[in-house]
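**Student:** Sharing a model prediction with you, sequence too.
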Amino acid sequence: MKTRKPITSDITFLTHFNREFNVDRFNVHAIDDESKVRLKKVEDLLNSISEDDISPIGLLKSVYKKIAIYYLFNERNKEAALKYLKKYQSLIPENTVDYAHICTLMGYANTIDPTFRDDTLFLEALSIYPENANDPEVMQYRAFALQYIGLIFHRKAIECDKTNRLDNARENTKKALTYIRQAVDIQRTCLLTFSLIRIGLAESLHIEGVMLIRCGETSNAACFEEANQKLEEAALLEKAFCEETKATHFLVATTLQSLAKVLMYLGKQDEAIDKLNEAYHLQIKLLNTSVHQDIAKTLHFKGDVYVNKKAYLKAVDAYMETWLVRKKISYRDAFMVDLTQKALLKALQELEKENLQLALAKYREIYVRVKEENNASEFAKTIFDKIEKLRLLTSDVLLFNASTTEEDKVQKVQGQVATNDLTYYP
């Protein structure tokens with residue numbers, strides 16, 4: 001609760017922070033722990049004083065923007081970033097370039113939530129930016145907006161696939177590729193004079209690669225090779241960017257995820273697992289949490305690769321960890337939770353064919369973990385019902401195998417044929 005007006009020492013502290021905390025979206029990934037501690041102290045101060053009484057207003061705007069940039073591009077914390085972006089936006093005149101920048105950043109913050117599919121903020125920003133502007137910062141932000149409009153059309157295409165609206169899916173994919181390629185063209189131009197735009201170009205190439213993977217999955221397998229080329233170029237750009245800034249960017253892990261997926265489709269499963277393990281450890285380190293949609297995606301991809309390798313026990317473990325992460329994410333996507341549940345159950349069914357008793361043990365282990373989660377009663381019941389069925393079947397199989405004569409076994413099988421229940425017998 002804010003109980004006091006700012007005093008001189010408060011303004012001095014904010015001024016020093018603003019002068020020394022020099023962050024933007026191209027260097028904030030390199031921030032040190034000491035600077036993070038100072039940022040938290042600034043937040044504590046802002047929460048304890050009346051911000052309306054802070055002067056000059058330019059100081060407050062700058063502090064808001066820097067804190068928002070930190071949460072956007074370092075922690076990838078949507079809620080915290082939007083909190084400060086909205087404060088900053090309230091101090092900026094509409095229809096100005098700065099206002100457009102804020103719209104772009106707010107749109108980006110929203111896309112951290114994988115369920116977000118609204119391009120309004122990006123379109124508002126583009127309506128303000130001059131199309132043929134030569135100003136480097138305007139070009140960079142314009143490309144940024146185009147990039148994420150492309151991503152939103154990609155998400156819309158996936159949504160259309162879910163509901164079998166294939167014509168709409170194709171149209172959205174076409175728009176997605178058009179927007180992302182416009183962004184790539186602008187960023188390649190910017191790269192001639194501004195080396196740090198490499199990370200923006202890498203991100204666009206990564207998104208284009210993801211779009212091409214989807215094209216490979218839905219229509220044209222030849223797209224996998226093109227996707228691999230885009231992702232390899234993105235990885236090289238990221239490497240150069242990280243060497244220049246002497247710090248690792250979160251996008252490195254995201255690109256490793258997507259490289260793993262395309263390597264799986266190209267038949268290189270072991271390489272794919274190596275990429276995913278590397279991505280997972282990077283994400284834990286960079287995000288400083290194990291509960292994040294990026295980490296859930298890495299774990300789910302790992303399950304997919306193990307299924308592709310027919311390593312079903314490992315696939316079950318990967319999908320279970322994915323499910324637990326996705327259930328804890330604040331902006332939980334019900335479709336993604338359901339997708340993981342279906343993948344988990346399918347992997348368990350494959351495990352049943354290999355080793356019925358091992359599958360039963362995994363079902364029991366999963367039931368214990370699932371029943372402790374909120375809003376998971378229906379899935380827990382599905383697992384419990386499966387346990388009951390397998391428990392009875394396992395007992396029958398053991399009894400069958402313990403039969404002492406071939407005649408006993410023949411009679412047992414004939415009895416199962418009569419009841420049309422041979423599903424779990426060899």
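**Tutor:** Cool, got the structure.
**Student:** When you work out contacts or count neighbours from here on, use the C-alpha atoms and nothing else.
**Tutor:** Will do.
**Student:** pLDDT weak spots in the stretch 301-426 of the chain?
**Tutor:** Along the stretch 301-426 of the chain, the parts satisfying pLDDT under 70 run over 330-333, 394-426.
**Student:** Tell me how this protein divides into domains.
**Tutor:** 1-77, 92-247, 264-347, 355-426 (automatic domain parsing).
**Student:** Mind putting the ones you listed into TSV with mean neighbour count and distance to Y84?
**Tutor:** As requested, the domains of the chain are exported to TSV (neighbours: other C-alpha atoms under 10 Å; distance: least, C-alpha to C-alpha, whole Å):
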stretch	mean neighbour count	distance to Y84
domain 1-77	16	5
domain 92-247	20	10
domain 264-347	20	19
domain 355-426	14	31
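**Student:** Can you convert the ones you listed into a markdown table and add a column each for distance to K83?
**Tutor:** Shown next, in a markdown table, are these (distance: least, C-alpha to C-alpha, whole Å):
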| stretch | distance to K83 |
| --- | --- |
| domain 1-77 | 8 |
| domain 92-247 | 10 |
| domain 264-347 | 16 |
| domain 355-426 | 28 |
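**Student:** So which of these is nearest A253?
**Tutor:** Counting by C-alpha to C-alpha, A253 lies closest to domain 264-347 out of those; the figure is 4.3 Å.
**Student:** Pass me the low-pLDDT residue ranges in this protein, would you?
**Tutor:** Checking the chain against pLDDT under 70 turns up 1-3, 330-333, 394-426.
**Student:** Report the contact partners of the residue nearest the centre of it.
**Tutor:** Centroid-nearest residue in the chain: D294, 3.2 Å away (criterion: C-alpha atoms, centre = their mean). Neighbour list for D294: T254, Q283 [criterion: C-alpha atoms under 8 Å, 6 or more residues apart in numbering].
**Student:** any idea which element it lies in?
**Tutor:** Here D294, judged by DSSP states H and E, is contained in helix 293-308.
**Student:** What's the first helix or strand after that helix?
**Tutor:** Per DSSP H and E, the helix or strand that comes after helix 293-308 is helix 312-328.
**Student:** Now find how far off-centre the following helix or strand past that following helix is within its chain.
**Tutor:** Using DSSP H and E, the next helix or strand after helix 312-328 towards the C-terminus is helix 334-354. Distance of helix 334-354 from its chain centroid, counting by C-alpha atoms, centre = their mean, to the nearest Å, is 20 Å.
**Student:** Quick check: next helix or strand after helix 334-354?
**Tutor:** Scanning forward in sequence from helix 334-354 by DSSP H and E, the next helix or strand is helix 356-370.
**Student:** What is that next one packed up against?
**Tutor:** helix 334-354, helix 377-401 (3 or more C-alpha pairs under 8 Å, 6 or more residues apart in numbering; DSSP states H and E).
**Student:** Quick check: the gap between the nearest residue to L105 once chain neighbours are set aside and Y70.
**Tutor:** Leaving aside its chain neighbours, L105 sits nearest to L85 (7.8 Å; criterion: C-alpha to C-alpha, 6 or more residues apart in numbering). In this view, L85 and Y70 are 11 Å apart by C-alpha to C-alpha, to the nearest Å.
**Student:** how about the CA coordinates for the helix holding D294, as PDB?
**Tutor:** Output of helix 293-308 as PDB, limited to C-alpha atoms (Å, rounded to 0.1, in the frame of the first residue of the first chain):
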ATOM      1  CA  GLN A 293       5.600 -23.100 -21.500                       C
ATOM      2  CA  ASP A 294       9.000 -23.100 -23.300                       C
ATOM      3  CA  ILE A 295      10.100 -26.000 -21.000                       C
ATOM      4  CA  ALA A 296       6.800 -27.800 -21.500                       C
ATOM      5  CA  LYS A 297       7.400 -27.700 -25.200                       C
ATOM      6  CA  THR A 298      10.900 -29.100 -24.900                       C
ATOM      7  CA  LEU A 299       9.600 -32.000 -22.800                       C
ATOM      8  CA  HIS A 300       6.700 -32.700 -25.100                       C
ATOM      9  CA  PHE A 301       9.100 -32.700 -28.100                       C
ATOM     10  CA  LYS A 302      11.300 -35.200 -26.300                       C
ATOM     11  CA  GLY A 303       8.300 -37.500 -25.800                       C
ATOM     12  CA  ASP A 304       7.600 -37.200 -29.500                       C
ATOM     13  CA  VAL A 305      11.100 -38.200 -30.500                       C
ATOM     14  CA  TYR A 306      11.100 -41.200 -28.100                       C
ATOM     15  CA  VAL A 307       7.800 -42.400 -29.600                       C
ATOM     16  CA  ASN A 308       9.500 -42.000 -33.000                       C
END
